[in-house]
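Participant: just coords:
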């Protein structure tokens, strides 16, 4: 009975996440360098309906998904939130310096006090100890976008794109839009190049 239950759980996991089941998921630390993008076009994006699905929901992520949907529509694809092929969109904004774009809340115009409630348990600084929160490569706040297009029937990965930029919280959306434009300008070919990050 336990074996059957384990097999059913593995089968459900394989159908729920087809990109990971094929070993195509983004491995942390892999992919293009900061400021670059990489497109792997196993085949051209088909002119069929594409459902763009976010892996996590935030105002920034929704705004950038809208830009992806606009660019797909310009290519002649019908776009939506269900049906057809699926494009998974993973948006990661990391601010190790603790600016207004900390990952636990929305990006743009917010500070830590907007999220810390009475139960937040703030910790006073420890005397004589300093913590360097800057990344070792001096990267600063980073926005990374990963797009993976796959078929609903069978989960075959057709196309992937990954790009990253340095971006302060108030500039994250502009950086994301620039990366999306650069990705879709070269979407039909395997490409490694500049992500088009704003200065």
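Facilitator: Cool, the structure landed. Predicted, not measured: the structure shown is a model, and the values here were computed from it.

Participant: quick one: what helix or strand has residue 82 in it?
Facilitator: Following DSSP states H and E, there is no helix or strand that holds residue 82.

Participant: Now name the helix or strand holding the nearest residue to it once chain neighbours are set aside.
Facilitator: Leaving aside its sequence neighbours, residue 82 sits nearest to residue 51 (C-beta to C-beta, 6 or more residues apart in numbering; 5.1 Å). C-beta coordinates here come from the backbone N, C-alpha and C atoms, glycine included. Secondary structure from DSSP H and E places residue 51 in strand 50-54.

Participant: by contact count, what packs against that strand?
Facilitator: Applying 3 or more C-beta pairs under 8 Å, 6 or more residues apart in numbering; DSSP states H and E, one finds that strand 50-54 contacts helix 59-74, strand 79-80, strand 85-94.

Participant: Just say which of those is most tucked in.
Facilitator: Ranked by mean neighbour count, these are led by strand 85-94 with a mean of 20 (mean count of other C-beta atoms under 10 Å).

Participant: ok, it: who's next to it in the sheet?
Facilitator: Strand 85-94 pairs in its sheet with strand 50-54 (parallel), strand 142-150 (antiparallel), by DSSP bridges.

Participant: ok, residues contacting the shortest one?
Facilitator: With C-beta atoms under 8 Å, 6 or more residues apart in numbering as the test, strand 50-54 has contacts from 61-62, 65, 68-69, 72, 77-91, 149.
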